[in-house]
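Undergrad: Provided below for reference: sequence and predicted model.
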Protein chains: 2
Amino acid sequence: MAQATQAEETPAAIREPEPAVAASAAPGTIGNSEFDRDTAVTLRAPGVYGAELSEGWTIIRAVNGGYLLAMLGRALGEALPHPDPFTITAHYLTPSRPGPAEIRTGTVRTGRTMSTGQASLFQIADDGTEVERIRVLASYGDLSSLPEDIRTSAEPPSMPPYEDCLSTKDAPEGATPIPGSTAITQRLDLRLDPATAGWAVGAPSGRGEMRAWFGLADGRDADPLSLLLAVDGLPPTAFDLGLTGWVPTVELTAHIRCRPAPGPLRVAITTRNLAGGYLEEDAEIWDSEDRLVAQSRQLARALLG
Amino acid sequence: MAQATQAEETPAAIREPEPAVAASAAPGTIGNSEFDRDTAVTLRAPGVYGAELSEGWTIIRAVNGGYLLAMLGRALGEALPHPDPFTITAHYLTPSRPGPAEIRTGTVRTGRTMSTGQASLFQIADDGTEVERIRVLASYGDLSSLPEDIRTSAEPPSMPPYEDCLSTKDAPEGATPIPGSTAITQRLDLRLDPATAGWAVGAPSGRGEMRAWFGLADGRDADPLSLLLAVDGLPPTAFDLGLTGWVPTVELTAHIRCRPAPGPLRVAITTRNLAGGYLEEDAEIWDSEDRLVAQSRQLARALLG
């Protein structure tokens, strides 16, 4: 319900006439894109949704955490009376696998301007037992209802224009391939700031930074749900610190602050504190109108590669 | 259980001989202090704890959010097999009142190095109905088990020494009193960096910063639970932005990264994005050995005063 309303309101849906080409080649629009199809949830019972985790959003060994967050965020948007995730926290409990899943939501509190809910994603493990993959706690509101006042001191990241950044689809000469699946890179239009891409050729900067232009490969514009994908959609900052091992997310919290304008996003991620085998990743997302549309932080484990 | 172990391990408890003065005037130690007594929880049933919210930790109109987080964090530390909150998120649902409360915890997942749990704090409202005040989702581990490696680029905040900062107990001449309760200021030894204290005399810097030395008034040293108090223990950064209204927390997430060394903490809080009636508060806590011991972010509403 909330999603339908959202799609109706988006300027992108108005701008894009129905293309007269085959559906598979059609540019994505909010509500009709790879991302929307692959995060679809189907009501099974009040607050309970069926879902299918797609192979298309895997990276290295795992289903991408941002994709999973977007799917849970979508289920909560359906279940709660408010459409948009203002603040959403996910604890990643066990590794998700492509295939069927069930999401069970619960309403914690319903208020006039905000409602709070929780959700869990379950899958059936190889031994037939049901396993919880992720638990989410979130407060939802309506971004369209917020006043226009902005008194921010934050400034967009300094990075080269889209054209001068590096597509993750075209590995540079001499690049070390990421071991395992890179399926997600085909779904994204990710252009890395060359200053934070040295790790791909064995020359990480050591600063713990990652910056990129971020879009969906089929051209679908961003909305609050795809921002949940974007906060975890770049290569880990650990690569820029010279680590090569797996960096599983323990917990990720995202604040969605504004409905993004059409056009590519800029995502800037920073790690300042790698200590005791853990690190934080702080992400900011800026839209084409220079609005800070999302802020997130995750705690991840730095496993030695 | 976890708390007893923690108290036994702390160097502070070893350094401080049992003082030969009346208990009320005795310096606080970890496990025996105002903070410990006021965050005490009593097992009522498996995973269910009774608690008493103290009048002593109220500010303006409300029971302090950090104090509540510490109490819930303590209950989860008792309920889960691991002692320390690595990452803990609280959603503040309805305003808590001093008086009795019940905390119900649930174990989400138990692993070898980490366990995940959730907890809710309930109170009985004036009309006799039970109301949920806060819901928490957290992953716990054992800080003592982490390797000593530190590869951090974060640096401690630049601020004057303790002696040159301003005690919040001694209001400066011409200071605008904070309306309502300031009980919590008597429990804290809070010394504000003069550069971020201008709001008290009607001259906020406009930068959205707040920095202070932070200790407990009875001298109790810091531990992971008191860090949960400290992340929400300073005046709101909104004051430094020139706002005077109430800034209720929607959600707060804290990462505890290291067991703090004895001695006063430095807390630095920044707001970069005040927009649409909401703002984030990013806090860092540094210990006396220049370790970044905690990082937190909260989303708060900026109500016009």
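TA: Noted; the coordinates are in hand. Numbering: from 1, shown residues only, chains lettered A, B, ... in the order given.
Undergrad: center of chain A, which residue is that?
TA: With distances taken as CA atoms, centre = their mean, residue A:229 lies nearest the centre of chain A, 1.1 Å away.
Undergrad: now for the spatially closest residue to residue A:62 that is not a sequence neighbour, how many residues are close by?
TA: Excluding the flanking residues, the one nearest residue A:62 by CB to CB, 6 or more residues apart in numbering or on different chains is residue A:95, at 5.3 Å. Where you see a C-beta, it was placed from the backbone N, CA and C, and this is true even at glycine. Residues lying near residue A:95 (other CB atoms under 10 Å in any protein chain shown) number 12.
Undergrad: what distance do you get for residue A:95 to residue B:270?
TA: 35 Å (CB to CB, to the nearest Å).
Undergrad: any idea how far the closest residue to chain B within the stretch 1-150 of chain A lies from residue A:212?
TA: Residue nearest to chain B within the stretch 1-150 of chain A: residue A:146 (3.4 Å; CB to the nearest CB). Look at residue A:146 and residue A:212: by CB to CB, they are 27 Å apart.
Undergrad: quick one: which of the two has more around it?
TA: Neighbour comparison, residue A:146 and residue A:212: the larger count goes to residue A:212, with 30 against 18 (by other CB under 10 Å).
Undergrad: for that one, give me its contacts.
TA: A:165, A:168, A:190, A:191, A:192, A:193, A:196, A:234, A:266, A:267 (CB atoms under 8 Å, 6 or more residues apart in numbering or on different chains).
Undergrad: from these, which one has the minimum pLDDT?
TA: The lowest pLDDT within these belongs to residue A:168, with 77.
Undergrad: now for residue A:163, how many residues are close by?
TA: What residue A:163 shows, counting by other CB under 10 Å, is a neighbour count of 7.
Undergrad: and it, which of the three is it?
TA: Secondary structure, DSSP: H, G, I helix; E, B strand; the rest coil: residue A:163 is helix.
Undergrad: where along the stretch 101-250 of chain A do the strands fall?
TA: For the stretch 101-250 of chain A, the strands defined by DSSP state E, counting those that start in this stretch cover A:115-124, A:130-141, A:150-152, A:166-167, A:188-192, A:209-216, A:249-256.
Undergrad: now the angle from the first one to strand A:130-141?
TA: The directions of strand A:115-124 and strand A:130-141 differ by 160 degrees, with axes from the mean of the first three to the mean of the last three CA atoms, to 10 degrees as the criterion.
Undergrad: contact residues of the stretch 1-150 of chain A facing chain B?
TA: Contact residues (CB under 8 Å from any CB of the partner chain) of the stretch 1-150 of chain A with chain B: A:86-87, A:89, A:91, A:93-94, A:108-109, A:114, A:116, A:118, A:132, A:135, A:137-139, A:143, A:146-150.
Undergrad: now, of those, which are buried?
TA: Neighbour-count burial (16 or more other CB atoms under 10 Å in any protein chain shown) is assigned, among the residues of the stretch 1-150 of chain A next to chain B, to A:86-87, A:89, A:91, A:93, A:108-109, A:114, A:116, A:118, A:132, A:135, A:137-139, A:143, A:146.
Undergrad: which residues does the residue nearest to residue A:237 when sequence neighbours are not counted contact?
TA: The shortest distance from residue A:237 to any non-neighbouring residue, by CB to CB, 6+ apart, is to residue A:271 (4.1 Å). By CB under 8 Å, 6+ apart, residue A:271 lies in contact with A:208, A:209, A:237, A:238, A:240, A:241, A:279, A:280, A:281, A:282, B:153.
Undergrad: ranking by neighbours, what's the top pick from the residues you listed?
TA: Neighbour-wise, these (other CB under 10 Å) top out at residue A:208, 29 neighbours.
Undergrad: ok, now which ones touch it?
TA: With CB under 8 Å, 6+ apart, residue A:208 has these contacts: A:237, A:238, A:240, A:241, A:270, A:271, A:272, A:274, A:279, B:153.
Undergrad: let's have those residues in a markdown table, adding pLDDT and distance to residue A:65.
TA: Formatted as a markdown table, the contacts of residue A:208 follow (pLDDT from 0 to 100; distance: CB to CB, whole Å):
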| residue | pLDDT | distance to residue A:65 |
| --- | --- | --- |
| A:237 | 94 | 14 |
| A:238 | 93 | 14 |
| A:240 | 94 | 18 |
| A:241 | 93 | 19 |
| A:270 | 97 | 18 |
| A:271 | 97 | 16 |
| A:272 | 96 | 20 |
| A:274 | 95 | 19 |
| A:279 | 97 | 15 |
| B:153 | 87 | 24 |
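Undergrad: closest one to residue B:49 out of those, please.
TA: residue A:279 (32.6 Å; CB to CB).
Undergrad: quick check, that closest one in contact with residue A:269.
TA: No: under the criterion of CB atoms under 8 Å, residue A:279 makes no contact with residue A:269, lying 11.1 Å away.
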